[in-house]
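*Asks:* I need the structure of the sequence given here:
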Amino acid sequence: MQKKLATYAVLTLVLLAVFQVYLVTAYPVFRNDDSPETTTVSYTLGIAHPPGYPLFTLAGKIFTLIPVASQGFRMNIFAGFLSILVLLVTYFILIKNLQMIFEQKNTAFCLGGMLALAFSYIFWNLGTGAKGGIYIFNLLFLSLCTYYVFRLFNKFGHKYIYMIFYIYGLSLSHHWPNSIVLAPVFLYFVYRHREKMKTGNWLLTAAFFAAGLTPYIYLPIRAMGNTAFKMGYPVGVKNFLGFIALLDYHALKEAAPDRYFFQMKAAVLFLIKNYSAFVILALPGTYIIYKKSKKTFYYYTAVFLFTVVSVVVLFNKANRLLIWMIDNYLMPAAYIILFFIVTGAVFTMNKIQTEKKKIKYASAAVMILLLAFMAAVNFRKNDGSRDYVLYDYGHNILKTMEPGSFYLPEGDYNSMPLYYIRNIEHDGMDIGFEPIGFFAYPWAVRDFALKYGGISLICGDFRYCVKSIIDNFIDKSSIYRTAYFDLVPNNNGFYPETQKGVLLKMVKYFEKISTAIYDEYSYRGIYRESVRDIMNLNIMSEYINAMFGQGNICLSSGNPDGAISLYRKALLFYNGRPQSLIYYQLALAYQDKGDQRNKMICLEKIKETDPDFWKKYESSGLIYYNK
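*Replies:* Prediction:
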């Protein structure tokens, strides 16, 4: 008994330590993904984008009431808390796994495996942000189902069947695209034990499964109320089913068969890198699990393969979705690999002869060092504690506009932070705001008309909607749009526009825009290497393009000093792309000032960043010729 209490005490201390690390590395507000929306939905009890995540919304609301830090950080705490629950369940699964394979508990390896999961790249990454909590929540359901599967392996009981299907129902009511692919896995257990199932058992299994789906009731009830924030209108059978089924997600409709190899390669590389060198231990682990417990092997393999195949197929129909999202959807597969790794570690250590204690201790030391190394590497990747990039970008957007302006954004990072800032901080409420993509949905067109009056809009015709809004508001409000304008690709037939900060302003007549707006912006931590992930690099591109565009305006209007200032600011936001064009324009600005020395320095810089940029040779040759 005392040994058991001591084990649980150590387990508790380890989990608390991991939770502390997650809090230290969590984002102060939100990261550059759907986290602003996720937080806003829980805070306002609104409707998230399809499939709605009702269970996560309701559970997250509890954490928004914690009286610490920002609302965004509170939801990050929620993600960390869910991670700890997954780790706890995983510990007990590992105990049962090792008992089944080796007939021993080996708590040290179970704790080590738990830590390997905690400090693996993707699990840690998801556990420090609100949006990541959605995928962690899904993993919690999978881990609980796996726990009861092991109970079922040891001894049949109807209650285990009921729990598996209740939990699986909850996972479908949370994020069904990541769970539906595992339906054959769990249906197999009913089929396998069909002879032990009577009519009452079948009915109870169905009832428990249906009970797991009940959180969906929240969506139509809340949508019919006075919802402060919603990303859909799931009222009525057709709308509700369409919302749940993601029928409005145009990004998922375009097939791309030629991308199968690319997607599979990305998935394999991610799964190999996620656990660092530990992934090697999965090979002996796979062998011994197959040899000792084929039912365990088939369960793990089925979950792994169904997940990987579904992700590759899904993302082949999602060309617009970024590669980083594949990692999130592959989390269940990465989770399964852990059990192969831990089993392989125990098998390897058991193979080392007991009398060769030095080798055994050395092997254990190597595993500990590998764990510490993996944690250190992933700490650098997942430390979001100083990442204010998207939060500050949202406030910088608001600083750009005059009170009473109207903003037509496109692209998640141009609109997501405003969901949070407007609905939670109540800043920028005087700004008219409607993402262009919303005009694809009848509910959004209807809501816009109710909010702003009888403006002529055509659902799905983005160009017509934008033109109609500009025509209606240009005389009474300043109209702004983002430079990213994929849905309305050109400006023909609209009013002239000019660069103002990170936005483009629609104007009837020429308007001289001051460059001082860039000095009012906040750039906290944006130059740090740790915040330069793929999403934040997109925001840096927005700053670069804005400064470059407004610098060109200064240059063409006889203000070389203003152009030089903006070009040099843009160069500070290096995002991995060639800087040759900025340096070339900077050289032209110095030319206008008659500063041949600095012009030559800029042309030499082009040689370092882009040797094939031909214009530098022409300009450099003229300077040498004149000398």
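*Asks:* just checking, next helix/strand downstream of the helix or strand hosting residue 101?
*Replies:* Per DSSP states H and E: residue 101 is located in helix 71-102. Later in the chain than helix 71-102, the nearest helix or strand by DSSP H and E is helix 107-118.
*Asks:* run the chain-centre distance for the helix holding residue 101.
*Replies:* Distance, stretch centre to chain centre, for helix 71-102: 20 Å (Cα atoms, centre = their mean, to the nearest Å).
*Asks:* tilt between that helix and helix 107-118?
*Replies:* Orientation of helix 71-102 against helix 107-118 (axes from the mean of the first three to the mean of the last three Cα atoms, to 10 degrees) gives an angle of 140 degrees.
*Asks:* and helix 71-102, what's buried?
*Replies:* The neighbour-count check on helix 71-102 (16 or more other Cβ atoms under 10 Å) flags 71-87, 89-98, 100-102 as buried. (Each C-beta comes from the backbone N, C-alpha and C, glycine too.)
*Asks:* cool, and stretch 549-562?
*Replies:* In stretch 549-562, counting by 16+ other Cβ under 10 Å, buried: 549-555, 559-560, 562.
*Asks:* with stretch 401-419 instead?
*Replies:* 401, 405-419.
*Asks:* between the two ends of it, how far is it?
*Replies:* 16 Å (Cα to Cα, to the nearest Å).
*Asks:* touching stretch 329-337 from outside, list them.
*Replies:* 90, 117, 120, 122-123, 126, 135-136, 138-139, 142-143, 177-178, 182, 267, 270-271, 274-275, 279, 282, 300, 303-304, 307-308, 311, 314-315 (Cβ atoms under 8 Å, 6 or more residues apart in numbering).
*Asks:* distance-wise, check residue 84 relative to residue 77.
*Replies:* 11 Å (Cβ to Cβ, to the nearest Å).
*Asks:* can you check residue 175 too?
*Replies:* Residue 175 is 20 Å from residue 77, by Cβ to Cβ.
*Asks:* what's the answer for residue 111, then?
*Replies:* Residue 111 is 24 Å from residue 77, by Cβ to Cβ.
*Asks:* got the domain boundaries for the chain?
*Replies:* 2-382, 389-526 (automatic domain parsing).
*Asks:* need these in JSON lines (columns: mean pLDDT and distance to residue 606).
*Replies:* Output for these, formatted as JSON lines (pLDDT from 0 to 100; distance: least, Cβ to Cβ, whole Å):
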{"stretch": "domain 2-382", "mean pLDDT": "87", "distance to residue 606": "30"}
{"stretch": "domain 389-526", "mean pLDDT": "85", "distance to residue 606": "23"}
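*Asks:* output those in JSON lines; the columns should cover distance to residue 566.
*Replies:* Shown next, in JSON lines, are these (distance: least, Cβ to Cβ, whole Å):
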{"stretch": "domain 2-382", "distance to residue 566": "24"}
{"stretch": "domain 389-526", "distance to residue 566": "6"}
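*Asks:* among those domains, which comes closest to residue 587?
*Replies:* Across the domains of the chain, residue 587 has its closest neighbour in domain 389-526 (19.3 Å, Cβ to Cβ).
*Asks:* what's the end-to-end length of that closest one?
*Replies:* With Cα to Cα as the measure, what separates the two termini of domain 389-526 is 6 Å.
*Asks:* same thing with stretch 38-55?
*Replies:* Stretch 38-55: ends 12 Å apart by Cα to Cα.
*Asks:* tell me the buried residues in that stretch?
*Replies:* Result for stretch 38-55 [16+ other Cβ under 10 Å]: buried residues 38-55.
*Asks:* next one: residue 452 from residue 335, what distance?
*Replies:* Taken as Cβ to Cβ, the span from residue 452 to residue 335 is 47 Å.
*Asks:* so for the two, which sits in the more crowded spot?
*Replies:* residue 335 (25 against 15; other Cβ atoms under 10 Å).
*Asks:* please, which helix or strand holds that one?
*Replies:* Counting by DSSP H and E, residue 335 is found in helix 331-351.
*Asks:* after that helix, which helix or strand is next?
*Replies:* helix 357-382.
*Asks:* give me the distance from that following helix to the chain's centre.
*Replies:* Put simply, helix 357-382 sits 28 Å off its chain's centre (Cα atoms, centre = their mean).
*Asks:* now that helix against helix 107-118, angle please.
*Replies:* Going by the same axes, to 10 degrees, helix 357-382 makes 20 degrees with helix 107-118.
*Asks:* what helices and strands are in contact with helix 357-382?
*Replies:* helix 2-25, helix 107-118, helix 121-126, helix 331-351 (3 or more Cβ pairs under 8 Å, 6 or more residues apart in numbering; DSSP states H and E).
*Asks:* any chance of JSON lines for those helices, columns distance to residue 393?
*Replies:* Putting the helices and strands packed on helix 357-382 into JSON lines (distance: least, Cβ to Cβ, whole Å) gives the following:
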{"stretch": "helix 2-25", "distance to residue 393": "21"}
{"stretch": "helix 107-118", "distance to residue 393": "30"}
{"stretch": "helix 121-126", "distance to residue 393": "21"}
{"stretch": "helix 331-351", "distance to residue 393": "27"}
